[in-house]
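>>> For reference, the sequence and a predicted model appear below.
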Amino acid sequence: MVVIRLARGGSKKRPFYNIVVAPKQERRDGRFIERVGFYNPVASGQAETLRLALDRVSYWTGVGAQVSLVVERLIKQAQKAAAAPAAA
């Protein structure tokens, strides 16, 4: 089974997460199939907080990948952000 989940990076008290597609049996920060984005919860100023390749996420969910709860929330956030500039 394949899952889309967060893989932690960054230093102590400065988290940075890669959003990856990985086999469920692999460790959280272990091998992965594809990196589909990142999430930086401590971004400040002009730094980008979230970047997600929504086309790749839809591909992987289409072929049966499960999405973790946190990544599901981030996908909704990214879809909302992608729709906002088009509506303006």
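Happy to help now that I have it. Numbering: from 1, shown residues only.
>>> Look at the most centrally placed residue in the chain and tell me its secondary structure.
Residue closest to the average C-alpha location in the chain (C-alpha atoms, centre = their mean): residue 19, at 3.1 Å. Assigned state for residue 19: strand (three-state reduction, DSSP: H, G, I helix; E, B strand; the rest coil).
>>> Model confidence for it, exactly?
Looking at residue 19, its pLDDT reads 97.
>>> Give me the contact list for the helix or strand containing residue 70.
Using DSSP states H and E, residue 70 maps to helix 69-87. For helix 69-87, the surrounding residues in contact (C-beta atoms under 8 Å, 6 or more residues apart in numbering) are 4-6, 19, 37, 39, 50, 52, 54, 57, 67. Every residue, glycine included, has its C-beta placed from N, CA and C.
>>> hmm, 10 Å instead?
Identification of contacts with helix 69-87 by C-beta atoms under 10 Å, 6 or more residues apart in numbering yields 3-6, 17, 19-20, 36-39, 49-54, 57-58, 61, 66-68.
>>> That one: which residues count as buried?
For helix 69-87, burial by neighbour count (16 or more other C-beta atoms under 10 Å) applies to 71, 74-75, 78.
>>> what's the closest of those residues to residue 10?
Nearest to residue 10, judged by C-beta to C-beta, of those is residue 74 at 16.4 Å.
>>> Where do the helices of this protein begin and end?
Secondary structure of the chain (DSSP state H): helices at 54-62, 69-87.
>>> which strands and helices sit next to the shortest one?
Secondary-structure packing of helix 54-62 (3 or more C-beta pairs under 10 Å, 6 or more residues apart in numbering; DSSP states H and E): strand 2-11, strand 14-23, strand 34-39, strand 66-67, helix 69-87.
>>> Can I get the second one as CSV, trimmed to CA atoms?
These are the backbone C-alpha positions of strand 14-23, laid out as CSV (Å, rounded to 0.1, in the frame of the first residue of the first chain):
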residue,chain,number,x,y,z
ARG,A,14,12.7,24.5,13.2
PRO,A,15,10.6,21.9,11.5
PHE,A,16,10.3,21.5,7.7
TYR,A,17,8.2,18.8,6.1
ASN,A,18,8.4,17.2,2.7
ILE,A,19,5.1,15.8,1.4
VAL,A,20,6.1,12.4,0.0
VAL,A,21,4.5,9.4,-1.6
ALA,A,22,5.9,6.3,0.2
PRO,A,23,5.2,2.7,0.8
